[in-house]
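Student: based on what follows, work out the 3D shape:
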Amino acid sequence: MKWAFLIVLAAEFLVFDRMTSRHYAGIYPRWNDQIQTLNEAYTGYEYRQAHGFFAGVWNTLTKPAAMGTLHSLWAMLVFEVAGEPSRTAALAVNMLLFLAWQAALVGALRRGTGSWTLGWMAIGLTLALRCPWFGVQGSATDYRLDHATMCMMGISLAAALQTRGLRSVGWSATFGAAVGVTLLTRFLSGTYFFLIFLGVAGWIALCGPERLRRSLNLGLAAVVAAAFFVPCLWVNRQLVYEHYWIGHYYDADGALWISHASLGEAVRNFWVQLGADQLGAAFGLAAAAGLAVLAAGALRSRDATQSAGTPARNTWARESAILGALFLAAPAIVLPLQNQPFGVVLGVAVPGTLCLLLALASSWRTKAGRGYRVAATGAALAIGAGYFVARQVEAPYDAGFMADNHRVKAVADRIFRTAQAGGIKEPQIVVDRIADYFDAQILRVVCYERRRIWMPFAIALPVGLSAIPEDTLMTQLARGDFVLVTEAGPPGPWPYDRQTLAMRPKILTWCEANLQLAERFTVFGQQMALYQRPDCQIPLRETGDELRQEHTGLPADAFRACSKHAPRPAQLWMEIGFNRPRPGPRGAFRPRTRPRHR
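Tutor: Next up, the predicted model:
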């Protein structure tokens, strides 16, 4: 059975890795938040290349961080195994953490119930989750902290289940270590664990026997977690304070994110979004099918004698239900009180929800016959595996989006080549709208993934979501080496977007007078223009002129000087001894190797 479980985990990874490389790795990094984590992952790997492996590990662990510090370490290790940094390798971190959660959960269920059937049901339920496979913000295809935090919360809960109600010293220390790693993954998860530890302490004090022993083990878990987390938190305390407290509640941009919902509305949104966006219909169907079969079996055999191990398993079911309820209640209390949109981070409530369902299934499983247990497991596993495969195979983007995605990468390539040819060491980027497809940080990641060269693009504009004084905007505009201006299209939702819309004639006039027009293009319904400094050399287009220059053998400057007299493409192919290009695989063009004339 262990080998079957390992084979399933390997199959999950291979399917995810293959489909991710096909559907997501070539997409520009969407939704902004993963830009920071990808920046840190790629710069961490570059530091490792320059200074060695152990220096790279130390750098990733000690660099300043406001949200978490382990994602760049995990990425660097996976890059080492893969041989090079890439989006596919970065997203493999998300899947490896998911597999680690599955393995920890199956181990806890196997040890607690003495059976593999509940573990296989857990595999099916985790595969049936909506958010990880739906290609949305916070999913497994989005390299931000939300998915990793969900998996680490699940691993911490699995370690807590192994403690047998905090009676095991070794597993209590392991639980503390898992909590510490979760805290290092995302600092904000400390608010959840504060409530969880308070709840466990109250449970031990009010309900549990062996209070002293279990209290000491809870204290041991807290000390181990603190040993992992407190030094890092102390080093980054100022950054954490500025990012979460000042940035979210007192900064002008942070005020724009306040939801202004009442507490009742926030609580309702929590449960609605948890069910609809995080768990999803497939999860509900798999859970309902499995529980319905177990309930039918328990009702039919309720008069049958129970085995000798039943009381222990019932105790485990009760204790796991309490822990699951605590892991669910903590985010249910914290997130609605933040008064900010929390749909993306709701994954932290999934492990607690799953644990409650598994505790209920465990209590019914002991009363149901073997046939019912196998049927329930098979139903949940079939629904979950089918949903997982269907989501991986389905193409997430239509042809229109893919065309815009290619345009984004083409513009990024042009800016990169121009900056490199002009010797601009830190190109200043100006964009007149808030968008997740153009700004300096996005260009860094896109160009690095395509060229494997780190170009430190710097942000001149925008400096935030809020409007800024007009003279400050014009000063920052004048600093730009490359300026992306919207000429037509619907305005964005942010104050900065509305300000640049009102100033659009002035901005365009200034660009025409002081900069050089590189190209005009349409992307995501916006007609935009790319301007660059007059002293920047406009590189030859990759389609046409560069190909012709390559075959003539002339230097770029010499070819550009005589470009007016260059032969037309048909003439050129004949002069260099080839026929005109013919279609190659997947629409590529390649020259015939046999000359027309001998």
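Student: could you find the closest non-adjacent residue to Val374?
Tutor: Among residues not flanking Val374 along the chain, Thr117 sits closest, at 6.6 Å (CB to CB, 6 or more residues apart in numbering). All C-beta spots, glycine's among them, are computed from the backbone N, C-alpha and C.
Student: which residues touch the one you found?
Tutor: Arg365, Arg373, Val374, Ala376, Thr377 (CB atoms under 8 Å, 6 or more residues apart in numbering).
Student: other residues contacting the helix or strand harbouring the last one?
Tutor: What it means is Thr377. Using DSSP states H and E, Thr377 sits in helix 370-393. Under the contact criterion CB under 8 Å, 6+ apart, helix 370-393 has outside partners 12, 15-16, 19, 115, 117-118, 120-121, 123-128, 133-135, 282-283, 285-287, 289-291, 293-294, 296-298, 300, 361, 365, 368.
Student: filter the residues you listed to the buried ones?
Tutor: Neighbour counting with 16 or more other CB atoms under 10 Å marks 12, 15-16, 19, 115, 117-118, 120-121, 123-128, 133-135, 282-283, 285-287, 289-291, 293-294, 297-298, 361, 365, 368 as buried within those.
Student: on that earlier part again, just the ones of the contacts of helix 370-393 in helices?
Tutor: In this view, the contacts of helix 370-393 that belong to helices under DSSP state H are 12, 15-16, 19, 117-118, 120-121, 123-127, 282-283, 285-287, 289-291, 293-294, 296-298, 300, 361, 365.
Student: correct me if wrong, but Val430 is in a helix.
Tutor: No - Val430: not assigned to a helix; according to DSSP: H, G, I helix; E, B strand; the rest coil it is strand.
Student: how close does it get to Ala122?
Tutor: Between Val430 and Ala122 the distance is 51 Å, computed by CB to CB, to the nearest Å.
Student: tell me the phi and psi of the residue nearest to Thr149 when sequence neighbours are not counted?
Tutor: Among residues not flanking Thr149 along the chain, Arg186 sits closest, at 4.4 Å (CB to CB, 6+ apart). Per-residue torsions, Arg186: phi -150, psi 120 (degrees, to the nearest 10).
Student: can you tell me how far Arg186 is from Ala288?
Tutor: From Arg186 to Ala288 the distance is 32 Å (CB to CB).
Student: any stretches of the stretch 301-450 of the chain with poor pLDDT?
Tutor: Within the stretch 301-450 of the chain, the segments meeting pLDDT under 70 span 302-314.
Student: please name the nearest non-neighbouring residue to Tyr496.
Tutor: Closest to Tyr496 by CB to CB, 6+ apart is Pro462, at 5.0 Å.
Student: that's a helix at Gln278, yeah?
Tutor: Yes - applying three-state DSSP, one finds Gln278 inside a helix.
Student: now do the contacts for it.
Tutor: Going by CB under 8 Å, 6+ apart, Gln278 touches Leu129, Arg130, Cys131, Leu346, Gly347, Ala349, Val350.
Student: the second one: neighbouring residues, count only.
Tutor: Spelled out, that is Arg130. Residues lying near Arg130 (other CB atoms under 10 Å) number 21.
Student: surely it meets Asp277?
Tutor: Yes - the pair formed by Arg130 and Asp277 meets the contact definition of CB atoms under 8 Å, at 6.8 Å.
Student: return the list of helices and strands in contact with the strand or helix carrying Leu73.
Tutor: For Leu73, the host element (DSSP H and E) is helix 71-82. Here helix 71-82 touches helix 33-51, helix 53-62, helix 87-113, helix 145-162, going by 3 or more CB pairs under 8 Å, 6 or more residues apart in numbering; DSSP states H and E.
Student: tell me the buried residues in that helix?
Tutor: His71, Ser72, Leu73, Trp74, Ala75, Met76, Leu77, Val78, Phe79.
Student: just checking, Trp316 touches Thr366?
Tutor: No - with contact defined as CB under 8 Å, Trp316 does not count as touching Thr366 (10.0 Å).
Student: who are the contact partners of Tyr244?
Tutor: Tyr244 touches Ala66, Phe187, Leu188, counting by CB under 8 Å, 6+ apart.
Student: give me the distance from stretch 324-335 to the chain's centre.
Tutor: Relative to the centre of its chain, stretch 324-335 is centred 22 Å away, using CA atoms, centre = their mean, to the nearest Å.
Student: follow-up on the earlier one: for Arg186 and Ala288, indicate the residue with more neighbours.
Tutor: Arg186 (24 against 14).
Student: enumerate every residue touching the more buried one.
Tutor: Met67, Gly68, Leu145, Ala148, Thr149, Met152.
Student: in a markdown table, list those residues along with pLDDT.
Tutor: Listed next are those as a markdown table, based on pLDDT from 0 to 100:
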| residue | pLDDT |
| --- | --- |
| Met67 | 91 |
| Gly68 | 91 |
| Leu145 | 94 |
| Ala148 | 96 |
| Thr149 | 96 |
| Met152 | 97 |
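Student: where exactly do the strands run in the stretch 201-350 of the chain?
Tutor: Taking DSSP state E, counting those that start in this stretch as the criterion, the stretch 201-350 of the chain contains no strands.
Student: can you give me the helices for it?
Tutor: 211-235, 237-240, 252-255, 263-273, 280-300, 310-337, 350-365 (DSSP state H, counting those that start in this stretch).
Student: who wins for proximity to Val8 among these?
Tutor: When the helices of the stretch 201-350 of the chain are compared by CB to CB, helix 280-300 sits nearest Val8, at 15.5 Å.
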